[in-house]
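>>> Need the 3D shape of this:
(2 chains)
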Amino acid sequence: MMHITHNFAAAEAAGNDSLLGALGIDLRLLVLQIIAFAILVWVLGKFVYPILIRAIDKREQAIADSVKAANEAEQNAEKTQVEIEKLFKQAREESAAIVETAHKEAAVMVKDAEDKAKKRADQIVADARAQLDQDVLKARKALRDEATELVALATEKIVREKVDATKDKALITNALREAEAA
Amino acid sequence: MSHRIARRKLAYYLAGQLQAGSDAKELAQQTVAYLVAEKQVGQVELLIREIESQLASEFDVVTARITTARPMSDAVRTNIEAFVKAAEGARSVVIADEATDPDLIGGAVIQTPGSIFDSSIRTQLRQLTASTKE
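You can find the predicted model right below:
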C-alpha cells in the first residue's frame, strides 16, 4: 500500500508546479496520507484501542483490587496485631494476677502452717508442764504417803512396846468413859 | 414330813427359851439338827444374828462380841458390860464371844447387833494415817 502511495505521489508531483510543489509537498499525496492516517486512527480506535483500554482498565482494576486487598490485609494485620497485643497484655495481666494470688495463697498457707505449728508447740509445752506438775505432785504425795506409812509403822512399833496389860486396861477404861461422856 | 419354820419365828422361840433358862447346849443341838434336816446349815450365821436381834428387841438382852489385844481381866469385862448396857439401854448383857487379837495393840472392839465400838490403837493409827494421806 505504501508503494502505491509513493508512486501516485511522484506522478502527481511531476505535474504540479504550485507553491506546495515549490516547497516539495504533494497535495494529493498529503491528502492521501491524511486519509490513510485517519483510516489508521479509525481502525486503531475501532479495533485496537478498545481492547488495549479494556486490558488496561482490567489491569488497573486488578491493581486497584490488589491495592485494596493489600490495604485491607494490612489493616487486618494491624487489627490482628492490636488484638494480639491486647491478648498478650490480658494474658500478662492474668498471669500476673495468678502469680500474685498464688503468692498470697502461699503466704496464707505458710502463715497458717506457722500458726498451727506454734499452737501445737505451745500445746505440747503446756501439756509437758502439766504432766510435769502432775508428776511432781504425784511424787510428793507418794513421798508423803511413804513417810506417813513409815511414821505409822514406827509409831505402832513404839506403842506396841510401850503398851502393857496395865496400860491396856487403863486405855480401855478411859475409852469407855469418854464414850459414855460423849 | 417336815415343816419349815420361818427364821424369824425360830429365832424368837430360841431367844425366849434362852431367856427362860433352858439348857443352851441342848437348844443348840436341837437347832443344828433341825437345820441339817432342813438343809439350812448355811443359815446358821443369819440365825444367830436374828437370835441376837430378837434378844435385844424383845427381851432387852444385848449380846456383845468383844475383841481385845490381851485377855480381858474381870474388871475390864465388868466395865464393858456396864458400858454396853448403858449404851444400848439393855436390861442385861450377854458376852457371846471373847477374842484376842494382838494386832489391835491396845484397846477393845465391841460389836453388838446394832453397832460397833472400836477403841483399838490399830484403828486409831489407821485413821491417823488415812487422814494424814488425804
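>>> Just want the residue of chain B that's nearest chain A.
For chain B, the residue closest to chain A is B:Ser119, as judged by C-beta to the nearest C-beta, at 3.5 Å. C-beta coordinates here come from the backbone N, C-alpha and C atoms, glycine included.
>>> Show residues contacting stretch B:97-104.
If you take C-beta atoms under 8 Å, 6 or more residues apart in numbering or on different chains as the criterion, stretch B:97-104 is touched by B:65-72, B:77, B:120-123.
>>> what is the mean pLDDT for it?
Per-region confidence: stretch B:97-104 scores 92 on mean pLDDT.
>>> Which residues are in contact with B:Pro71?
Here B:Pro71 is in contact with B:Thr100 (criterion: C-beta under 8 Å, 6+ apart).
>>> Look up phi and psi at it.
phi -60, psi 140 (degrees, to the nearest 10).
>>> what bits of chain B have low per-residue confidence?
Filtered on pLDDT under 70, chain B yields the residue ranges B:1-3.
>>> what do you get for chain A?
A:1-18.
>>> So what's the residue count around the residue of it found nearest chain B?
Residue nearest to chain B within chain A: A:Ala175 (3.5 Å; C-beta to the nearest C-beta). Look at A:Ala175: counted by other C-beta atoms under 10 Å in any protein chain shown, it has 21 neighbours.
>>> One more: B:Lys133?
Quick note: B:Lys133 (other C-beta under 10 Å) scores 12 neighbours.
>>> cool, and B:Leu27?
Using other C-beta under 10 Å: B:Leu27 sits among 15 other residues.
>>> which SSE is it in?
helix B:24-37 (DSSP states H and E).
>>> quick one: buried residues of that helix?
Buried residues in helix B:24-37, counted by 16 or more other C-beta atoms under 10 Å in any protein chain shown: B:Thr31, B:Leu35.
>>> which residues sit against the helix or strand containing B:Arg122?
Secondary structure assignment for B:Arg122, by DSSP H and E: helix B:121-133. Here helix B:121-133 makes contact (C-beta under 8 Å, 6+ apart) with A:141, A:144-145, A:148-149, A:151-152, A:155-156, A:159, A:163, A:171, B:69, B:103-107, B:109.
>>> Return the list of helices and strands in contact with the longest helix anywhere in chain A.
Ranked by residue count under DSSP state H, the longest helix found in chain A is helix A:49-162. Other elements packing on helix A:49-162 under the criterion 3 or more C-beta pairs under 8 Å, 6 or more residues apart in numbering or on different chains; DSSP states H and E are helix B:121-133.
>>> Which residues belonging to the helix it packs on are considered buried?
B:Ile121, B:Arg122, B:Gln124, B:Leu125, B:Thr129.
>>> For the last one, give its distance to A:Ala152.
It stands for B:Thr129. From B:Thr129 over to A:Ala152 the distance is 4 Å, taken as C-beta to C-beta, to the nearest Å.
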